[in-house]
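1. with the sequence up front, the predicted model follows.
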Amino acid sequence: MVGKKIVILGGGFGGITAARELRGALPAEHHITLIDRSGRFMMGLRKLWMLVGRGTRQEGTRSLDGLREMGIDVRVATVSAIDPRTRTVRTEAASVPFDYLIVALGAEPRPDLVPGFGPQAFNLYDPDDVERLAPRIRTFREGRILIAVMGVPYKCPPAPYEAAMMLDDLFRKRGLRDAVQIDTSTPQPMSLPVVGATNCTQVEGYLAARGISFSPNRKVMKVDGSTVIGDGNTVNADLLIGVPPHRPPAIVRESGLTLRGEWVAVDSATLRTSVEGIFAVGDVVEIPTANAMALPKAGIFAEAQARVAASQIVSDVLRRPAPAVFDGRGYCFIEVGGGQATMVQGDFLAAPAPAVQVAPPSAQIYQQKVDFEQTRLSTWFAP
Ligand SMILES: Cc1cc2nc3c(=O)[nH]c(=O)nc-3n(C[C@H](O)[C@H](O)[C@H](O)COP(=O)(O)OP(=O)(O)OC[C@H]3O[C@@H](n4cnc5c(N)ncnc54)[C@H](O)[C@@H]3O)c2cc1C
């Protein structure tokens, strides 16, 4: 058999999982290349711990070099074009041909889409901004903190609410909570629309119980310093923490792959795109739910989808039947402070609506969140 060239774009949850699965399942004659512009991996959840001074960025970061020892050709480069017609991808250094391609390039938070979003506002999803913000939090003694979702979709939908509850916990421990107002806002009609009104009431109840305000239907028109100007309302915050709208990388939109809105359209069971042999997984795709919303953008789903895409490729290459399919089951952690967390868990692709529940907060679920990071950091990069 002539070896196949399998190229994976992006070294995040999806790309790493796909590369490892493929390397584990295919004989060495098949070449597996992973291209990522940063050459490093860090989970989004670490940004929230950095925000409240729990652990460092470095502790949660791993080089993709470890994947090389497994026989994966890791290239640190920026992909500048995907050409399905010639079946090549281009980087600044090379043109890389493929027989199979997995696009796992993620979603980009885009503060530039929010007029006026400048250095006085902080992007909760940018590790550099969080590093800049953490010292401000350490010295913050009184005033108003606003955590504002500024557009949808955005990854890990509970994260802004987690951040609010983690800040609540921090200021309580510092004896400053009475002097610090913590507000949250979103343009959506409820905190996590995809999980339904009952689950949202529960999550919004966790906020209310901690004295954190929650304002739905708040569209952000522009930002001025740390002031948010909305559609008919203005909020003057002392500290503005934003979650900007997200978009797929431009090269994905320009690739000619069929899109769903702005995101890559895939068959939700197999992660196959409109082009034979090209798959897309993770935050870069949009998978509709039965209640006409979209599957949340979360690492747990990127991982599960990557396993499916890899198994589809293995089955094509080795001519094996019955590969795995993606079933939409998963969970998202919601840390509530005080060493406790809850999770939204269930079948997100169930009909007529996601069949998910919010578990009662516990120290055990918090530990699961800690283990979620630790097990991946300790196993993914070691041969
Ligand atoms: C604050 C926060 C908390 C979160 N908490 C959780 C959680 O508890 N559980 C959970 O499941 N998910 C969580 N998430 C969401 C999770 O991080 C994402 O859903 C996940 O990273 C998506 O994986 P992915 O592989 O699709 O994309 P990513 O992990 O974003 O990977 C994309 C990769 O593509 C690379 N790339 C992009 N463009 C190019 C290019 N042109 N050339 C080369 N490389 C490129 C990037 O460098 C990146 O490494 C959280 C996210 C945030 C921000």
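-> Yes, it's here.
2. return the residues of the protein in contact with the ligand.
-> Proximity of the chain to the ligand, by Cβ under 6 Å from any ligand atom, involves residues 10-15, 35-38, 43-45, 47-48, 78-79, 104-106, 125, 155-156, 159, 249, 251, 282-284, 297-300, 302, 332-333. Where you see a C-beta, it was placed from the backbone N, CA and C, and this is true even at glycine.
3. would you map the strands across the stretch 251-383 of the chain?
-> 259-260, 263-264, 278-280, 329-337, 340-347, 355-358 (DSSP state E, counting those that start in this stretch).
4. and those as a markdown table, adding mean neighbour count, mean pLDDT and distance to Pro288?
-> Output for the strands of the stretch 251-383 of the chain, formatted as a markdown table (neighbours: other Cβ atoms under 10 Å; pLDDT from 0 to 100; distance: least, Cβ to Cβ, whole Å):
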| stretch | mean neighbour count | mean pLDDT | distance to Pro288 |
| --- | --- | --- | --- |
| strand 259-260 | 15 | 96 | 7 |
| strand 263-264 | 24 | 98 | 11 |
| strand 278-280 | 27 | 98 | 15 |
| strand 329-337 | 23 | 96 | 16 |
| strand 340-347 | 21 | 97 | 15 |
| strand 355-358 | 19 | 96 | 16 |
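5. with distance to Ala382 as added columns, please give these in TSV.
-> What follows is the strands of the stretch 251-383 of the chain, written out as TSV (distance: least, Cβ to Cβ, whole Å):
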stretch	distance to Ala382
strand 259-260	37
strand 263-264	31
strand 278-280	26
strand 329-337	24
strand 340-347	27
strand 355-358	33
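6. out of these, the one nearest Ile241 is which?
-> strand 329-337 (15.7 Å; Cβ to Cβ).
7. just the C-alphas of that closest one, formatted as CSV.
-> Provided in CSV are the C-alpha atoms of strand 329-337 (Å, rounded to 0.1, in the frame of the first residue of the first chain):
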residue,chain,number,x,y,z
ARG,A,329,-22.7,13.8,24.4
GLY,A,330,-20.4,15.9,26.6
TYR,A,331,-20.2,18.3,29.5
CYS,A,332,-19.0,21.7,30.4
PHE,A,333,-17.6,22.6,33.8
ILE,A,334,-18.9,25.6,35.7
GLU,A,335,-16.6,26.6,38.6
VAL,A,336,-18.6,28.4,41.3
GLY,A,337,-15.8,29.4,43.8
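8. show me the contact partners of that strand.
-> 45, 48, 156-158, 161-162, 165-166, 168-170, 172, 203, 206, 210, 296, 298, 300-301, 304, 341-348, 358, 361, 365-366, 368-369, 372 (Cβ atoms under 8 Å, 6 or more residues apart in numbering).
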